[in-house]
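Student: Make a model of this:
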Amino acid sequence: MKAQTSTEYLIILGVVLLIALGVIYLLGFFPSVSSDSTIAESWAYWGTAKPISIIDAKSFTGSACGQSGNGYVFIMSNNFPDVVRLTEIEIDNQSRVFCSFGSNRPNSVIYLESGKPTKVNVMGPPCPQDSMKEFSLAFTYGSGQLEGKRQSSTKKFALRCSKEGSGGTGNCAIGSCSYCQTLQSCGAAGCSWDGSRCFEPGDAECVYERCGSGEQCCNCNGYGCNIIACIRYNQDCNNYCQQHCMQ
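Tutor: Take a look at the predicted model:
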């Protein structure tokens, strides 16, 4: 009886081990599963962090803040009732050059208004295309009469590095994604040039168009017209393009 029990126990243990090995194998075979989970956890934290949260981010290779190299576009939000003065951004415990979105000069301070998304460029470590990048993040800021306050966390920031586009020549056109406009050169921005404007891979989302909170970027290029507009999320982009492209 004891021998039978031991045998059954060993069989159950073997099945459990096989399942565990299978899970480990699948996580190794599909690294995007674990990396997507890491990114989701990171954005859940940093999207609600206080006083400064990050509600969107993207990597790029090109020029910003008067420098060339690797960088990131952060869409930041101030969750304090008072204006926050951002004076330093650290990535991996190293102070980085940063500037207002689209600026060619580094900033010493960026003013973050309460509840208003603000786009910031920051130079940082390389982000190999279509891979996951993870780094520590910290901010030095002031609010009211206080200066030199520091916000940091053991929770690292993670994102999916941007894919490189087909490149091209020419300057980015007015009305194109402002992400492309920041870098001026469509090829350097990982964007493409269609002869009249700059566009990103997956330009339908166009998350860096100048859209406010509660708005989506509607790209009507597929409807035969070069209209890119910010519309409310409760509006239908297809209907919008059909109406405005026929005008």
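Student: Tally up the residues packed near the nearest residue to D92 once chain neighbours are set aside, please.
Tutor: What sits nearest to D92 in space, not counting adjacent residues and going by CB to CB, 6 or more residues apart in numbering, is F135, at 5.0 Å. Heads up, the C-betas are built off the backbone N, CA and C, glycines and all. F135 has 17 neighbours, counted by other CB atoms under 10 Å.
Student: same thing with C245?
Tutor: 15.
Student: pretty sure it contacts C220?
Tutor: Yes. At 5.6 Å, C245 and C220 qualify as touching, with contact defined as CB atoms under 8 Å.
Student: Return the set of buried residues in the strand or helix carrying A158.
Tutor: Using DSSP states H and E, A158 sits within strand 157-160. The neighbour-count check on strand 157-160 (16 or more other CB atoms under 10 Å) flags 157-160 as buried.
Student: do stretch 130-143 as well
Tutor: Going by neighbour count (16+ other CB under 10 Å), the buried part of stretch 130-143 is 132-133, 135, 137-143.
Student: Export that stretch to CSV, keeping only CA atoms.
Tutor: Taking C-alpha atoms only, stretch 130-143 is exported to CSV below (Å, rounded to 0.1, in the frame of the first residue of the first chain):
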residue,chain,number,x,y,z
ASP,A,130,11.3,46.3,-31.6
SER,A,131,12.9,45.2,-28.4
MET,A,132,11.9,45.9,-24.8
LYS,A,133,13.9,48.6,-23.0
GLU,A,134,13.8,48.9,-19.2
PHE,A,135,15.6,51.6,-17.1
SER,A,136,15.4,53.3,-13.8
LEU,A,137,13.8,56.8,-13.9
ALA,A,138,13.9,59.7,-11.5
PHE,A,139,12.9,63.4,-11.6
THR,A,140,14.0,66.5,-9.6
TYR,A,141,11.3,69.1,-9.3
GLY,A,142,10.0,72.1,-7.4
SER,A,143,6.5,73.1,-6.4
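Student: In the protein, what residue spans correspond to helices?
Tutor: For the chain, the helices defined by DSSP state H cover 2-29, 31-46, 178-183, 237-245.
Student: Could you report the separation of K149 from V83?
Tutor: Applying CB to CB, to the nearest Å, the value for K149 to V83 is 13 Å.
Student: Between these two, which contacts overlap?
Tutor: Counting by CB atoms under 8 Å, 6 or more residues apart in numbering, the common neighbours of K149 and V83 are S143.
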